[in-house]
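Participant: Fold the following.
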Amino acid sequence: MDNRDPFKDLTFDGRPAGYRDFRRKVILGVAGLEDKVQHLAGPRLLQRLSGEAWRATEHLSISQIREDGGWLKVLEALDAHYKFLPETELHEAIDEFLFLLKRRANEGRQQWYRTPEMLLAILVQLHPPAKLWSEDWVHSWSSLDSTPG
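Facilitator: Presented below is the predicted three-dimensional model:
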């Protein structure tokens, strides 16, 4: 048995805001494991869960978790639980709005100019207080669009 535990300092208490980071750290931790000990990743991962995350994985059987892809079954159960929570969607929308706003292939100029407005509409829908500052921002962004080019 390998004494190195890739999840030694990793814990997840079930708060939706921390799920994306937790998920990425799990994938990186498993990627560093040798093939012969990957069947232990599932049980070790379950030991790091508490609260709501633990309850979301209670239905998994021990035999499922001890398979080579057992850690994937744990992540699939957590994905199913956390995927459509408003908190998770809000974090993803904020990340896309602030960091991933790029012009996509075959995207026209008009569509690209409207992308921030569409993303902002999603943010306002997920977090209504954002409406207070969004109207000023959309107005200033739209004025850039009206300049002759």
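Participant: domains of this protein?
Facilitator: Split into domains by automatic domain parsing, the chain comes to 16-82, 86-145.
Participant: Quickly, which of the ones you listed bottoms out on average pLDDT?
Facilitator: Lowest mean pLDDT within the domains of the chain: domain 86-145, a mean of 65.
Participant: for this protein, what spans make up the helices?
Facilitator: With DSSP state H as the criterion, the chain has helices at 19-31, 41-47, 51-56, 62-65, 70-82, 86-99, 109-126, 131-145.
Participant: The first one packs against which elements?
Facilitator: With contacts defined as 3 or more C-beta pairs under 8 Å, 6 or more residues apart in numbering; DSSP states H and E, helix 19-31 has these neighbours: helix 41-47, helix 70-82, helix 86-99. For the C-beta atoms, the positions are set from N, CA and C on the backbone; glycine is no exception.
Participant: which parts of the shortest one are buried?
Facilitator: Of all the residues in helix 41-47, those buried under the rule 16 or more other C-beta atoms under 10 Å are Ala41, Gly42, Arg44, Leu45, Leu46.
Participant: hmm, who's touching it?
Facilitator: With C-beta atoms under 8 Å, 6 or more residues apart in numbering as the test, helix 41-47 has contacts from 5-7, 26, 29-30, 33, 54, 57, 60, 62, 64-67, 70-71, 73-74.
Participant: if we go to 7 Å?
Facilitator: Contact with helix 41-47 is made by Asp5, Phe7, Val26, Val30, Leu33, Thr57, Ile65, Arg66, Gly70, Trp71, Lys73, Val74, as judged by C-beta atoms under 7 Å, 6 or more residues apart in numbering.
Participant: hang on, isn't the third one packed against Val74?
Facilitator: It stands for Val26. No - the criterion here is C-beta atoms under 7 Å, and Val26 misses it with Val74 at 8.2 Å.
Participant: Hmm, Leu33 and Pro6 touching each other?
Facilitator: Yes - using C-beta under 7 Å as the test, Pro6 is close enough to Leu33 to be in contact (6.0 Å).
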